[in-house]
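Trainee: based on what follows, work out the 3D shape:
(one chain, ligands or ions: 2)
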Amino acid sequence: MAKKVKEVSVSDALRVRPGGPVRVADLDPDSAPAFPGNGKKDAPDAMIAMSAELSDLQERLYAAGRDNPDAPRLLLLLQGLDTAGKGGVIRHAVGLVDPQGIEIKAFKVPTEEERAHHYLWRIRNALPTAGMIGIFDRSHYEDVLVVRVDGHIDEAEVAKRFDEINAFEAELAASGTTLIKCFLNVSRDEQQQRLLERLADPEKYWKYNPGDVDTRLNWDAYMEAYGDVLTHTNTDVAPWYAIPADKKWYRNWAVAQLLIEHLRALDLGWPAADFDVEAEIARVRAS
Ligand code: AMP
Ligand code: MG
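Mentor: Numbers count the residues shown, from 1 in each chain. Ligands and ions are numbered 1, 2, ... in the order given. Just a heads-up that it's a prediction; the model follows:
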């Protein structure tokens, strides 16, 4: 791969444009914006090229949080239909950094206990602590997606939840959490291919869920619900990024790059020693 000449910001390239209504149909699931190479063959090198910096940045974040409960934290929120690649992103992009600095939480159909609370209760309980990178595999957005598509809430409730979510995320941002909200945008055809691949391979049966077909049967309703989410919860303090997800190699690279760009923006140094370095050197030498 040629040396990187100029790096285009993936955050800029993938940020969902604020303002007018967003339609998922207008977002290309098969493109590769801001990728520095020439397609798939350059992806492994591109991942290697970023991993040292990503590790270094993550270590700075972790170090900042060690003695300081007010240190920044980062929350990578992954949304997308089945097969969009939430698991793949966690394995390949998040997997580049030290697992000790990562807190992963997957949100499933709410348990009885969770259902007894407000939908943000389980989310608040899973937020990353100082110095950590939290990963949400699904999130409170399910409460305006599947819950809406399945007809459990009316339009007035959807609008109310958008307001609540915006207020909640603004509060998170104000208290030092950088949010990276990713919509993994897989096309209908690619999803079909991926489901068929799961059914063609006994080693992948475990990934297949017959319920995923019901989601496909509601494809248009999901796209509309996602469009509304991207329209109404795309704030400056908690913006949405639309990740083209038909190319797995691009999807993984793009999310890793988003992590890098947001960590860089925190501009973290290293914590100063809270001991006398010279004195400690002398003590270690003499020991
Ligand atoms: P998976 O991520 O494939 O393991 O599936 C998790 C399932 O939980 C998906 O079908 C989601 O739609 C569902 N789910 C997650 N959060 C909620 C929620 N708040 N209400 C209803 N279903 C949910
Ligand atoms: Mg699934």
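
Trainee: give the contact list for the residue of the stretch 51-200 of the chain found nearest ligand 1.
Mentor: Here the stretch 51-200 of the chain gets closest to ligand 1 at one residue, residue 142, 3.3 Å apart by C-beta to the nearest ligand atom. Backbone N, C-alpha and C define where each C-beta goes, glycine included. By C-beta atoms under 8 Å, 6 or more residues apart in numbering, the contact set of residue 142 is residue 107.

Trainee: do residue 263 as well
Mentor: Residue 263 neighbours (C-beta under 8 Å, 6+ apart): 54, 57, 58, 60, 61, 74.

Trainee: one more pass at 10 Å, please.
Mentor: By C-beta atoms under 10 Å, 6 or more residues apart in numbering, the residues touching residue 263 are 53-54, 56-58, 60-61, 72, 74, 97, 133, 178, 180.

Trainee: do residue 204 as well
Mentor: Neighbouring residues of residue 204 by C-beta under 10 Å, 6+ apart: 194, 195, 197, 198.

Trainee: repeat that for residue 171.
Mentor: The contact partners of residue 171, by C-beta under 10 Å, 6+ apart, come to 124, 177, 237.

Trainee: mind checking the backbone torsions on the closest residue to the last one other than its chain neighbours?
Mentor: Setting aside the residues directly before and after it, residue 237 is nearest to residue 173 in space (C-beta to C-beta, 6 or more residues apart in numbering), at 3.9 Å. Residue 173 has phi and psi values of phi -60, psi -40 when expressed as degrees, to the nearest 10.

Trainee: my guess is residue 173 meets residue 236, correct?
Mentor: Yes: between residue 173 and residue 236 there is a contact at 9.0 Å, judged by C-beta atoms under 10 Å.
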